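Peer 1: give me coordinates for this.
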Amino acid sequence: MAKYKAKSKKVEQGPPRPGAIPCAIVIVGAIVLVSLLFYAVLSSSVK
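Peer 2: Numbers count the residues shown, from 1 in each chain. This is a model prediction of the structure:
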């Protein structure tokens with residue numbers, strides 16, 4: 001039988017991924033653009 005070692009837990013964690021903030025900005029920008037598009041379509045159909 002193979003021996004399994006318990007994985008040691010690291011207490012110290014590094015900083016979050018550096019690409020997380022630009023990714024969040026892109027996602028929020030896409031949501032804003034889609035909502036503005038819907039608003040423009042709906043407001044032009046009311047007139």
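Peer 1: in which helix or strand does the residue nearest the centre of the chain reside?
Peer 2: Central residue of the chain (Cα atoms, centre = their mean): residue 24, 4.6 Å from the mean position. Element membership for residue 24, per DSSP states H and E: helix 20-46.
Peer 1: any stretches of the protein with poor pLDDT?
Peer 2: Across the chain, the ranges flagged by pLDDT under 70 are 1-2, 8-17, 47.
Peer 1: picking up where we left off before, starting at the chain centroid, how far to the helix holding residue 24?
Peer 2: 15 Å (Cα atoms, centre = their mean, to the nearest Å).
Peer 1: for stretch 18-30, same thing?
Peer 2: So, by Cα atoms, centre = their mean, the centroid of stretch 18-30 is 6 Å from its chain's centroid.
Peer 1: residue 30: how many residues sit nearby?
Peer 2: 10 (other Cβ atoms under 10 Å). No exception for glycine: its C-beta is placed from N, CA and C like everyone else's.
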